[in-house]
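>>> Attaching a predicted model along with its sequence, questions to come.
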Amino acid sequence: MSYEEKGTWLYLVVAVVGYAVYLSLVLPQVTGGTPVGDVDYVPIMLWTIGGAIVATIVLRILVEIVFPSESTKGDVRDREIDRLGTRVGSSFVVIGALGALVLAMLEAEWFWIANVIYLCFVLSALLESITRLVAYRRGVPAW
């Protein structure tokens with residue numbers, strides 16, 4: 001498994017786990033009857049995003065210590081896969097921006113706007129990672 005593919009797996013796992021942690025901390029407040037305007041989601045969101053960044057860095061180092069790669073330099077195939085994954089994943093960033101724009105126009109609670117953006121960032125990471133992993137296994141489509 002290449003250095004880039006290992007990083008993609010880590011990115012996928014950390015995105016899922018980080019968002020699951022966020023939801024496990026915020027959903028009890030929302031379902032517990034707290035009005036969404038009073039839900040204290042900002043520090044939880046910031047800590048889970050920051051924790052995901054730190055976890056990715058630490059896990060990347062640990063994986064390279066335990067399972068060292070032959071080379072950390074990407075080749076042409078890695079760059080093509082990276083471009084393909086980025087293009088596919090960016091679609092959810094755009095969807096999140098449009099969703100947040102619509103919610104802002106409807107004067108929705110900030111809670112919903114922030115959570116739509118965060119959800120779309122996570123979906124973008126998932127779609128990007130899955131696209132890259134499929135490309136590593138099946139090759140880059142020749143469209």
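Noted; the coordinates are in hand. Residues are numbered from 1 along each chain as shown.
>>> so where's the protein uncertain?
143 (pLDDT under 70).
>>> That one: helices as residue ranges?
3-31, 42-66, 76-105, 110-138 (DSSP state H).
>>> Go through the first one and flag the buried ones.
Burial within helix 3-31, assessed by neighbour count using 16 or more other C-beta atoms under 10 Å, is assigned to 3-12, 14-15, 18-19, 22-23, 25-26, 29. C-beta: built from backbone N, CA, C; applies to glycine.
>>> Repeat that for stretch 67-81.
Buried, per 16+ other C-beta under 10 Å, within stretch 67-81: D78, I81.
>>> and what of stretch 129-143?
Going by 16+ other C-beta under 10 Å, stretch 129-143 has these buried residues: S129, T131, R132, L133, V134, A135, Y136.
>>> Identify all contacting residues around it.
Outside of stretch 129-143, the residues within contact range by C-beta atoms under 8 Å, 6 or more residues apart in numbering are 2, 5, 8-9, 11-12, 15, 77, 80-82, 84-85, 88-89.
>>> right, and the pair among those with maximum separation?
A15 and R77 (23.3 Å; C-beta to C-beta).
>>> Got the phi and psi for the residue of the chain most remote from its centre?
Using C-alpha atoms, centre = their mean, the residue of the chain lying farthest from its centre is G33. It sits 28.6 Å away. When read as degrees, to the nearest 10, the backbone of G33 gives phi 100, psi 0.
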